[in-house]
Each structure stands twice: as structure tokens, then as C-alpha cells.
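**Q** Mind folding the following:
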Amino acid sequence: MNKVFMVLVLAGVPLSVIGTLMHWSSIILFIVYCLTIIALASFMGRATESLAIVAGPRIGGLLNATFGNAVELIISIFALKEGLIGVVLASLTGSVLGNLLLVAGLSFFIGGLKYKRQTFNVFDARHNSGLLMFGVIVAFVIPEIFSQTMPESKTLSFSVGISIILIVLYLAALLFKLVTHRGVYQTDDVSEGRHEEEEPEWGKGKAITVLLLATIAVAYVSENLVHTFESVGETFGWSELFIGVVIVAIVGNAAEHASAIIMAYKNKMDIAVEIAIGSTLQVAMFVAPLLVLISLMFPTAMPLVFTLPELITMVTAALLMIIISNDGETNWFEGATLLAAYLIMGIGFYLL
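**A** Prediction:
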């Protein structure tokens, strides 16, 4: 599989440049850009996995989520620049649904087929449940409720205020987990030792170099990908909402999707769960509010107000994940439940 991704990168990056300069068909370019981003994301995933072995599951999961979300953040910034507010909000929705239902679902399902019962740190699960309640349910629902009776200008100001609070709390959560309470809530699991004994695929220097180069390449391809959305949507009959929720979210989060599933298959559930839930928290409490603040630099600013289908599906996904993960263990059937929820919501967004 690594050889396939290598070929896709070596062919995809030059073809992306040539196709852009020669103005190829939007459909062909859309396919080339998506495959190239997914292939580049796989290298980002391998690099962060190497760093995770050195740094441990918490920091490793955070790194994976951060660089995985970096792809989507880059795509979203270029979409904001083009005024595609609907696509950006839909892609944020797709990230939350994709991480909580698709990534976690596939991880639990595939890992559960190999191991009858998989466990992860129950203290982290309960800590993340509280943050999910706040980041997804409180921070996204409250702006929607107040926006019903609030002028548009005040809605934007309200969104900016919420965004600042979310970013501060997210940074405080990192401080709590990685500094002030690091190692306080440990289980008897010996997975930490197992990670330390494992040899990383790449050294720290090479991994960081690959991450930087892949991120630069993704930034270039993503900017061009955004320009194909309108014509691709018209050709296939896809709505702006469906493109954002499904297409952009899956392409933008390809790195963490693959990494979480591989970690679950290796029974490294602490990393798999940290990638799936940690990435969701990062999207809700850092990426989304950051995009609101960045949008102030463009002609069309983005308030933190989602459509009703987006809002209800995100709240449902968060509640389902809290219920399933709160006991610190999982199996293939719970994974199948999450996947079934994702498919139901995906069909709904396609038919809207």
C-alpha cells in the first residue's frame, strides 16, 4: 500500500501542476487533486505515527489529529477566500461526523474483528466526553438558538466571542492533559511500554521533514481543488452541503482516518481513540473558531451558525460516541452501530 501511495504522490503532484496550467477538465482535475491529497495524507500519517512511537500515545494522537486537520484547515481557508461559507461549515460538520462515526466506527469494527474486546483509558474517555458535550453541543447549539432573535451583525460578534472562549478552553485542555495532569489518570495497561519498545519507521528529523513538505504540497493542491467544487457539483448533482459534509471531510481527514484504523488493528486503542475523539475536539474547539476569526480578513465573514440538519447530526453523533466510549472498552458491534449512523446521515445529506 505504501508503494501505491508513493506512486500516487510522484504522479499526482506533477499532474496537478500540469493540469492546472493546461486547464484540464474540472472533473479530471477534481479526481487528480483528491487522489493526490489522500496519498500525501498517508505520508503525513506515517510521519506522525513515527513521532507517536517516540512521544507516546497522547502526544502521538494529538500530532496525528493536528496534521490531519491541517489539510482540512488549508482547504477551508481557500474556500473562505472564495466566499464558500456553506462548504466550510458543511466540511466542519463532515469532520465531526467523519471522526466520531466513520473513523471511530471503522476503528472499533476492524479492531473488533481481530480482538473480541478492546480497551482504552477510561479516564481519558470520560474527560473527552465532557469536552464533547461542551465543544459540540454547547458551543454549536447556543449560537444557533440566539441567532434566531439576533441581528446578523450581532450574531457575528457573538460567534467571535464564542470562538475566542473555545480556543482558550482548548489550550487549557491541552495544558491539563499534557502538563499539569500528565500521568495522573493512568490505567494498569502496559501499552505505554509497548509503544516505547517499538521502532519508528522514520527518525524524528525525517518525519518532521516529510510532514512539512507534504503540508506545503497539500496547500497547493487544496487551493486548486476548491476551484473545481462548483462545476463538479453541477455535473453530478451534488449540493454544496453534500460536497462539504462528505467529499471535503473525507479527503481532508484521510491521514487520520487511515492512522486510526491501523492503530486499532494493532490493538493500540489509546492512540486510535485519541485520534478519532481528539481530532473532533480539535475541529470543534480550535479549527472551527479559528476559521471564524480568519474569515474576518475576507469580504464575507463566517458566523458559527450551522443549518438545522448539520446541528442535529453533530449533536446526535456526539451523544452516541459519549454513550459508547464512556466505559473505556469497545467491540465490533459498537463499531457497526457508529457506521450505520454515519450511513443514515450520509444518505440524508445526499438527498437534501
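**Q** Okay, now the unreliable bits of the stretch 101-250 of the chain?
**A** Within the stretch 101-250 of the chain, the set of residues satisfying pLDDT under 70 comprises 182-198.
**Q** any idea how far residue 310 is from residue 158?
**A** 18 Å (Cβ to Cβ, to the nearest Å). No exception for glycine: its C-beta is placed from N, CA and C like everyone else's.
**Q** In terms of neighbours, single out the busier of the two.
**A** When neighbours are counted by other Cβ atoms under 10 Å, residue 310 comes out ahead of the other of residue 158 and residue 310, with 25 against 18.
**Q** who's in contact with the more buried one?
**A** Residues in contact with residue 310 (Cβ atoms under 8 Å, 6 or more residues apart in numbering) are 89, 90, 93, 241, 245.
**Q** out of the residues you listed, which is most surrounded?
**A** Neighbour counts for the contacts of residue 310, by other Cβ under 10 Å, peak at residue 245, which reaches 31 neighbours.
**Q** give the contact list for that one.
**A** Here residue 245 is in contact with 90, 91, 93, 94, 97, 310, 346, 349 (Cβ under 8 Å, 6+ apart).
**Q** And those, which two are furthest apart?
**A** Greatest spacing in the contacts of residue 245, by Cβ to Cβ: 91 and 346 (14.1 Å).
**Q** ok, residues contacting stretch 157-176?
**A** 62, 131, 134-135, 139, 142-143, 146-147, 150, 281-282, 284-286, 288-290, 292-293, 296, 302-305.
**Q** Please list only the buried members of those.
**A** 62, 131, 134-135, 139, 143, 147, 150, 281-282, 284-286, 288-290, 292, 302-305 (16 or more other Cβ atoms under 10 Å).
**Q** Show me those residues that map onto helices.
**A** The members of the buried ones among the contacts of stretch 157-176 that map onto helices under DSSP state H are 62, 131, 139, 143, 147, 281, 282, 288, 289, 290, 292.
**Q** which residues does the third one contact?
**A** Under the criterion of Cβ under 8 Å, 6+ apart, the neighbours of residue 139 are 162, 166, 284, 285, 304.
**Q** which secondary structure element contains the first one?
**A** With elements delineated by DSSP states H and E, residue 162 resides in helix 152-175, which encompasses its position.
**Q** quick revisit: could I get the contacts of residue 310 as a markdown table with secondary structure and distance to residue 259?
**A** As requested, the contacts of residue 310 are exported to a markdown table (DSSP: H, G, I helix; E, B strand; the rest coil; distance: Cβ to Cβ, whole Å):
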| residue | secondary structure | distance to residue 259 |
| --- | --- | --- |
| 89 | helix | 26 |
| 90 | helix | 24 |
| 93 | helix | 22 |
| 241 | helix | 27 |
| 245 | helix | 22 |
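**Q** Against residue 244, how distant is residue 75?
**A** Counting by Cβ to Cβ, the gap between residue 75 and residue 244 amounts to 10 Å.
**Q** Strands along this structure, start to end?
**A** 118-119, 329-330 (DSSP state E).
**Q** wouldn't residue 78 be in contact with residue 221 here?
**A** No. With contacts counted by Cβ atoms under 8 Å, residue 78 stays clear of residue 221, the gap being 10.4 Å.
**Q** list the buried ones in stretch 36-55?
**A** The neighbour-count check on stretch 36-55 (16+ other Cβ under 10 Å) flags 36-53, 55 as buried.
**Q** In helices, which of those fall?
**A** Cross-referencing the buried residues of stretch 36-55 against helices under DSSP H gives 36-53, 55.
**Q** which of residue 78 and residue 221 has more neighbours?
**A** Neighbours per residue (other Cβ under 10 Å) separate residue 78 from residue 221, with residue 221 holding more: 25 against 17.
**Q** That one and residue 34 touch, don't they?
**A** No. With contact defined as Cβ under 8 Å, residue 221 does not count as touching residue 34 (9.0 Å).
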